[in-house]
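1. I would like the atomic coordinates for the input below:
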Amino acid sequence: MLLEFTPEIQERINFWSNKENKTPDLFLKKIIAEHLEDLEDYYEAARVSSDIRAGRMKIHSWEEVRERLGLED
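-> I've put the predicted structure just below:
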């Protein structure tokens, strides 16, 4: 995969990769992987939230969970 960046973006990549003591390639791999994980988490949370609002998923209070699991004090 080949990525081309504007000089401004390349300068920012170089700045942050130096600050992180990584090569630009390793820095980009790291931040892309982290961003993908964050994006996947966001979409999963949106899906769950939608399921809750639509009544396809039930939520339980902490008190209900403690009672069901026998964790009462």
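2. What about E34, how many residues nearby?
-> 10 (other Cβ atoms under 10 Å). (Glycine included, C-beta is placed from N, CA and C.)
3. element containing it?
-> helix 24-53 (DSSP states H and E).
4. okay, and the helix or strand of this protein with the least pLDDT?
-> Ranking every helix and strand in the chain by mean pLDDT, DSSP states H and E puts helix 62-69 at the bottom, with a mean of 93.
5. Can you list the neighbours in contact with that helix?
-> Contacts to helix 62-69, defined as Cβ atoms under 8 Å, 6 or more residues apart in numbering, come from residues 60, 71-72.
6. so can I have TSV of those residues showing pLDDT, secondary structure and distance to I9?
-> Formatted as TSV, these follow (pLDDT from 0 to 100; DSSP: H, G, I helix; E, B strand; the rest coil; distance: Cβ to Cβ, whole Å):
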residue	pLDDT	secondary structure	distance to I9
H60	95	coil	46
L71	91	coil	51
E72	76	coil	56
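7. Pull out the buried members of those residues.
-> Among the contacts of helix 62-69, none is buried by neighbour count (16 or more other Cβ atoms under 10 Å).
8. Let's have these in a markdown table, adding distance to D25.
-> Shown next, in a markdown table, are the contacts of helix 62-69 (distance: Cβ to Cβ, whole Å):
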| residue | distance to D25 |
| --- | --- |
| H60 | 46 |
| L71 | 49 |
| E72 | 54 |
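9. distance of the residue positioned nearest the centre of the chain from I32?
-> Closest residue to the average C-alpha location of the chain: D38 at 1.7 Å, with Cα atoms, centre = their mean. Distance, D38 to I32, by Cβ to Cβ, to the nearest Å: 11 Å.
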